[in-house]
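Trainee: The following comprises the amino acid sequence and a computationally predicted model.
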Amino acid sequence: MNLRSLIESYYAKQTQVFEQSQGFQYLVSGVADIKFYDEFIANLCKTHLKSPQILAFLYAAAPPSVANQIQHNMLEELGLDSEGICHPDLLRKLADAVGSDNAKQAQIEALSQAELYRMCSEPMLYGTLKELALSVLLEVTCFEWMLSRLSGKLGKALQEYRGLDQDSLEWFFHHSEVDIRHAEEGLDSVINYIEYYNFEHEDLETILDVTFRENIFIKRYFGEIALAKATEMLA
């Protein structure tokens, strides 16, 4: 299996488990109650609000062949590219659409910042910064890969079953359009990063296994309890 196929196989497995999960099926079938939809939206906002800062970290660690693309993605997230669409603002608009008041939105912002704080404060699992950055890059690009395939489906479910209009769901439909390109560019970035830093195949597989030892989408979007149930079902 070549390098690209190896990495994409991990992304595909993560996405498949997420799509088949109870939480995802509740969302897209309409059997979930309003509270479930709104908790999903809050978790999604918490997950992605600090994406520009994550990309800034990756930009600092990026090799020359990757730096321009990550810089472009970071500026796009901030709305500083030609399209001028600030992605965190799209998430805030989404939270507002489900009735999140100022206190609730402040809580989401604080939880998102707390997650960033945790990432920076916990002991590193890896011996070098290049290994840590690769793990982060793998997770970021895996999200792009999944969103390019499922964000449109999620957006339509929220439109039909939560009663949200297309404008408030712009984050989902924007990602279903642009992340097809981002997903391919993301894979290119990962491969270039691995080759630039001369990762051994065995070390790469270890980082892949650690990064994707649990389903990152279920964990981020549905929480630890849902993750534990999904993990138990797969055992």
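Mentor: All right, it came through fine.
Trainee: Show me the shaky parts of the chain.
Mentor: 177-179, 233-235 (pLDDT under 70).
Trainee: Next, please give the residue ranges for the helices of it.
Mentor: 3-20, 22-29, 34-48, 51-61, 64-78, 87-97, 102-121, 129-161, 170-196, 201-211, 216-222, 224-234 (DSSP state H).
Trainee: So which elements touch the longest one?
Mentor: If I follow you right, that is helix 129-161. helix 3-20, helix 22-29, helix 34-48, helix 51-61, helix 170-196, helix 201-211, helix 216-222 (3 or more CB pairs under 8 Å, 6 or more residues apart in numbering; DSSP states H and E). No exception for glycine: its C-beta is placed from N, CA and C like everyone else's.
Trainee: in that helix, what's buried?
Mentor: 130-138, 140-152, 154-159, 161 (16 or more other CB atoms under 10 Å).
Trainee: what about the spatially most central residue of the chain, distance to Phe18?
Mentor: The centroid of the chain falls nearest to Phe143 when counting by CA atoms, centre = their mean (3.6 Å). Noted for Phe143: a distance of 10 Å to Phe18, by CB to CB, to the nearest Å.
Trainee: Identify the contacts common to these two.
Mentor: Phe217 (CB atoms under 8 Å, 6 or more residues apart in numbering).
Trainee: From what I see, Ala183 and Thr141 are in contact.
Mentor: Yes: the pair Ala183 and Thr141 qualifies as a contact (CB atoms under 8 Å) at a distance of 7.2 Å.
Trainee: okay, now Ile70: neighbour count?
Mentor: Using other CB atoms under 10 Å, the number of residues around Ile70 comes to 23.
Trainee: er, Ser29 I mean
Mentor: 10.
Trainee: Please name the residues that touch it.
Mentor: Ser29 neighbours (CB under 8 Å, 6+ apart): Ala157.
Trainee: what's the burial count for His182?
Mentor: 23.
Trainee: same question, Tyr221
Mentor: Tyr221, neighbours per other CB under 10 Å, totals 24.
Trainee: Relative to Phe36, how far out is it?
Mentor: Distance from Tyr221 to Phe36, by CB to CB: 11 Å.
Trainee: again, but for Leu58
Mentor: Leu58 is 32 Å from Phe36, by CB to CB.
Trainee: Pretty sure Val190 sits against Leu138.
Mentor: Yes: counting by CB under 8 Å, Val190 does reach Leu138; the two are 6.4 Å apart.
Trainee: what touches both of these two?
Mentor: Common neighbours of Val190 and Leu138 (CB under 8 Å, 6+ apart) are Ile7.
Trainee: give me every residue that touches the closest residue to Leu27 other than its chain neighbours.
Mentor: Excluding its sequence neighbours, the residue lying closest to Leu27 (CB to CB, 6 or more residues apart in numbering) is Ala157, at 5.3 Å. Ala157 makes contact with 27-30 under the criterion CB under 8 Å, 6+ apart.
Trainee: want to try CSV for those, with distance to Asn73 as columns?
Mentor: Formatted as CSV, those follow (distance: CB to CB, whole Å):
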residue, distance to Asn73
Leu27, 26
Val28, 27
Ser29, 33
Gly30, 33
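Trainee: residues contacting the closest residue to Arg149 other than its chain neighbours?
Mentor: For Arg149, ignoring the flanking residues on the chain, the nearest one in space by CB to CB, 6+ apart is Thr15 at 6.3 Å. Counting by CB under 8 Å, 6+ apart, Thr15 touches 142, 145-146, 149-150, 217.
Trainee: which one of those sits closest to Gln53?
Mentor: For the contacts of Thr15, the closest approach to Gln53 (CB to CB) belongs to Cys142, at 18.2 Å.
Trainee: so the closest one makes contact with Val17?
Mentor: No: the pair Cys142 / Val17 is not scored as a contact, 11.9 Å apart, by CB under 8 Å.
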